[in-house]
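Colleague: sequence first, predicted coordinates after that:
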Amino acid sequence: MREWMTALFELGVAASLTALVVLALSLLLKPLSKKYSYLLWLAVFVRAVCPFSYTSPFSVFRLFS
């Protein structure tokens, strides 16, 4: 049970950080069409729903581990 809750917490944190990045990017991309904004929010949705991810040497989470 504890592993499940930890995984759920980590997914929530990852989705929250992704949402913050999307909010910052949406301010920069405001003059562009709404299509790009929807695509950015699709990334947040996928990050919140999918329980897997890939590793990257440029990840924000490497700073916290």
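Modeller: Perfect, thanks for sending it. These figures come from a predicted structure and were not determined experimentally. Residues are numbered from 1 along each chain as shown.
Colleague: show me where the chain has helices.
Modeller: 2-28, 34-49 (DSSP state H).
Colleague: so what touches the shortest one?
Modeller: This points to helix 34-49. Under the criterion C-beta atoms under 8 Å, 6 or more residues apart in numbering, residues 11-12, 14-15, 18-19, 22, 25-26, 29, 53 lie in contact with helix 34-49. All C-beta spots, glycine's among them, are computed from the backbone N, C-alpha and C.
Colleague: what about residue 44, how many neighbours?
Modeller: Using other C-beta atoms under 10 Å, residue 44 has 19 neighbouring residues.
Colleague: ok, it to residue 1 distance?
Modeller: Plainly put, residue 44 is 27 Å away from residue 1 if you go by C-beta to C-beta, to the nearest Å.
Colleague: can you check which of the helices of the chain gets nearest to residue 57?
Modeller: helix 2-28 (16.9 Å; C-beta to C-beta).
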